[in-house]
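Peer 1: the following comprises the amino acid sequence and a computationally predicted model.
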Amino acid sequence: MNDKPVPAAYLIDMDGVIYLGNKLQPGAAEFVDYLKRKEIPFLFLTNNASLTPEGYRRKLEKLGIDVSADRFYTSAMATAEYMSENWPAGTPVYAIGIDGIREALRAKGFRLLKSHKGAKVVVVGFDPKITYARLREATLAISNGAVFIGTNPDVSLPTEHGIYPGNGAIIAALKAATGVEPIIIGKPSPTTFLEALKRLGTSPGETAMIGDRIETDIVGAQKVGLLTVFLTSGASGEEGLKRLTTPPDFVFRHLEEFLQWLKSHDD
């Protein structure tokens, strides 16, 4: 590992890669600055559906990273696109989640409900203020036949304070209550990676996915032929490598180490 050609473009996870909660990971700002200076194509590809692209832009700005909102592709955006291909505008939806998923669904013309009554689809995105009442309404809607969709399966969320429950934990509660398996849209779904590549304008073989979560970032990227950069300081840790049948192309602790490697390979 770490002996392969330098990738020409990057898809970059955020939680655990760029930051932990509201704390930058080592080398994150310098790495993004390096990509911008070298005019290397990159796109942030996150499973976290809580913020809009503009919300993520503002978050990174506060952390000292200046990028435009079109640098982000989220599982909320992927979910709304999937739904627009399968249900007409105006379809009543019960959504768990905050700005990211709610604004993405509204932008595609879906009608968001305040209760389970009449819901044709239940969409579950990360909600840091999840309540029993919201779980109850989602359970009733799914039990009444609504299609169950999850923006992403991440059961945990790495933060500067430690591991928090992620969207997959919310989904697990609804699965337990209803016995229904959800449709999962975000990473490791191949369609999410392929859509991100289309937006980036690069091919899988020249593009690397930088991630910290084995099951979504690395395994999903490998299935579509992307190069993979696994950072051990995030969600899966070094133990995650033991769960891979095919090792990642590159392994580093964090972006600071990866940047040092990149600079050592500059022409």
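Peer 2: Sure thing, it's come through.
Peer 1: show me what the helix or strand bottoming out on mean pLDDT in the chain is packed against.
Peer 2: Using mean pLDDT, DSSP states H and E, the weakest-scoring helix or strand in the chain turns out to be strand 156-159, at a mean of 86. With contacts taken as 3 or more CB pairs under 8 Å, 6 or more residues apart in numbering; DSSP states H and E, strand 156-159 sits against strand 162-165. In short, each C-beta sits where N, CA and C put it, glycine included.
Peer 1: okay, buried residues for the strand it packs on please.
Peer 2: Within strand 162-165, the residues that qualify as buried are residue 165, counting by 16 or more other CB atoms under 10 Å.
Peer 1: same check, this time on stretch 76-85
Peer 2: Using 16+ other CB under 10 Å as the test for burial, stretch 76-85 gives 76, 77, 78, 79, 80, 81, 82, 83, 84.
Peer 1: from the chain's centroid, how far away is that stretch?
Peer 2: When C-alpha coordinates are averaged (CA atoms, centre = their mean, to the nearest Å), stretch 76-85 and its chain have centres 14 Å apart.
Peer 1: what does that stretch rub up against?
Peer 2: Residues from elsewhere that reach stretch 76-85 (CB atoms under 8 Å, 6 or more residues apart in numbering): 49, 52-53, 91, 93, 97, 100-101, 103-105, 107-110, 121, 123, 125, 149, 151, 185-186, 189, 191-192, 195.
Peer 1: show me which of those are buried.
Peer 2: Among these, those classed as buried by 16+ other CB under 10 Å are 49, 52-53, 91, 93, 97, 100-101, 103-105, 108, 110, 121, 123, 125, 149, 151, 185-186, 189, 192, 195.
Peer 1: quick revisit: could the buried residues of stretch 76-85 go into a markdown table alongside distance to residue 11?
Peer 2: Output for these, formatted as a markdown table (distance: CB to CB, whole Å):
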| residue | distance to residue 11 |
| --- | --- |
| 76 | 16 |
| 77 | 14 |
| 78 | 13 |
| 79 | 18 |
| 80 | 19 |
| 81 | 17 |
| 82 | 18 |
| 83 | 23 |
| 84 | 23 |
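Peer 1: looking at these, which is nearest residue 131?
Peer 2: Among the buried residues of stretch 76-85, residue 76 lies closest to residue 131 (CB to CB), at 19.9 Å.
Peer 1: contacts only, for the spatially closest residue to the closest one that is not a sequence neighbour.
Peer 2: Ranked by CB to CB, 6 or more residues apart in numbering and with sequence neighbours excluded, the top spatial neighbour of residue 76 is residue 49, at 3.7 Å. Listed by CB under 8 Å, 6+ apart, the contact partners of residue 49 are 74-76, 79, 97, 100-101, 104, 125-126, 151-152, 167, 186.
Peer 1: can you put the residues you listed in JSON lines and add pLDDT and secondary structure?
Peer 2: Below are the contacts of residue 49 laid out as JSON lines (pLDDT from 0 to 100; DSSP: H, G, I helix; E, B strand; the rest coil):
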{"residue": "74", "pLDDT": "96", "secondary structure": "strand"}
{"residue": "75", "pLDDT": "96", "secondary structure": "helix"}
{"residue": "76", "pLDDT": "96", "secondary structure": "helix"}
{"residue": "79", "pLDDT": "96", "secondary structure": "helix"}
{"residue": "97", "pLDDT": "96", "secondary structure": "coil"}
{"residue": "100", "pLDDT": "96", "secondary structure": "helix"}
{"residue": "101", "pLDDT": "97", "secondary structure": "helix"}
{"residue": "104", "pLDDT": "97", "secondary structure": "helix"}
{"residue": "125", "pLDDT": "96", "secondary structure": "coil"}
{"residue": "126", "pLDDT": "95", "secondary structure": "coil"}
{"residue": "151", "pLDDT": "96", "secondary structure": "coil"}
{"residue": "152", "pLDDT": "94", "secondary structure": "coil"}
{"residue": "167", "pLDDT": "96", "secondary structure": "helix"}
{"residue": "186", "pLDDT": "94", "secondary structure": "coil"}
